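> sequence first, then the predicted structure, then my questions.
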Amino acid sequence: MSQKVVVIYSGGMDSFTVLNKALQQGHEVSALSFNYGQRHVKELDVAAKVCAELGVPHKVVDITAINTLLAGSSLTDDIEIPEGHYQEQSMQSTVVPNRNMILLSLAIGYAVSEQASAVYYGAHSGDHAIYPDCRPEFVRQMNVVSQLANYEPVAVVAPYLEDDKNEILADGIRMGLDYEKTWTCYNGRDKACGKCGACIERLEAFAANGLNDPLPYE
């Protein structure tokens, strides 16, 4: 059944797949992106281009002021981006304190104002080990709170919550998606580094699906 939904869209491959999945399901989609001071702000330019191509209404909200409160993440502070797989302890430095609760809260408010019935975001099983706000129990409880917080209940939906990056990519390939239109690397340079956790997981997903990643790497 078609619904009006808000998709939190970072410009990365997970949220790109979620955005297109919602569209292919026949939903009326509004995309919402956040500038929270991330090094890889390049992803927002990628998101804007995709939404323009798809004709999807797109808002980019500047919330960089919150970084005066949230310190200690290598994604936003002057801390070197760690190299290696997400399973490694060093990758905990990429956690932005309470990020998804903040972003979901803002997106839920936007959904209420737009009379949308759900907020979609790209949490998946590969994030469970390192990001507490992508775990199933967090999503379930945010869904409960979201439907209590306003007179108009808004569902929190993570379509790939139990799937890994390999499965997300496989679903996107089935949908005919072009992943050259995404940005994943935590270093916001001209080319992807190929060494940070985000790049490694992405490259593993393409390899698992017998494909070459269309993005250029350093």
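Nice, I can see it. Numbering: from 1, shown residues only.

> what ranges does the protein have for its strands?
Listed in chain order, the strands of the chain (DSSP state E) span residues 4-8, 28-35, 58-62, 118-120, 155-157.

> got JSON lines for those strands, with mean pLDDT, mean neighbour count and distance to residue 177 too?
Placement of C-beta: from N, CA and C, glycine included. Output for the strands of the chain, formatted as JSON lines (pLDDT from 0 to 100; neighbours: other CB atoms under 10 Å; distance: least, CB to CB, whole Å):
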{"stretch": "strand 4-8", "mean pLDDT": "98", "mean neighbour count": "24", "distance to residue 177": "14"}
{"stretch": "strand 28-35", "mean pLDDT": "96", "mean neighbour count": "21", "distance to residue 177": "15"}
{"stretch": "strand 58-62", "mean pLDDT": "96", "mean neighbour count": "15", "distance to residue 177": "17"}
{"stretch": "strand 118-120", "mean pLDDT": "98", "mean neighbour count": "25", "distance to residue 177": "16"}
{"stretch": "strand 155-157", "mean pLDDT": "97", "mean neighbour count": "20", "distance to residue 177": "19"}
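
> could you dump the ones you listed to CSV with distance to residue 185?
Shown next, in CSV, are the strands of the chain (distance: least, CB to CB, whole Å):
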stretch, distance to residue 185
strand 4-8, 19
strand 28-35, 17
strand 58-62, 19
strand 118-120, 23
strand 155-157, 27
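
> the nearest residue to residue 196 once chain neighbours are set aside: how many residues sit nearby?
Residue nearest to residue 196 in three dimensions, not counting chain neighbours: residue 186, with 4.4 Å by CB to CB, 6 or more residues apart in numbering. Neighbour count for residue 186, taken as other CB atoms under 10 Å: 22.

> so how far is residue 195 from residue 186?
Counting by CB to CB, to the nearest Å, the gap from residue 186 to residue 195 is 10 Å.

> okay, now the unreliable bits of this structure?
Residue ranges of the chain with pLDDT under 70: 39-40, 70-97, 126-130.

> ok so, going back, dihedrals phi and psi, the residue nearest to residue 196?
phi -70, psi -20 (degrees, to the nearest 10).

> quick one: buried residues of the lengthiest helix in the chain?
Scanning the chain for the longest helix, with DSSP state H as the assignment, gives helix 99-113. Buried residues in helix 99-113, counted by 16 or more other CB atoms under 10 Å: 99, 100, 102, 103, 104, 105, 106, 107, 108, 110, 111, 112.
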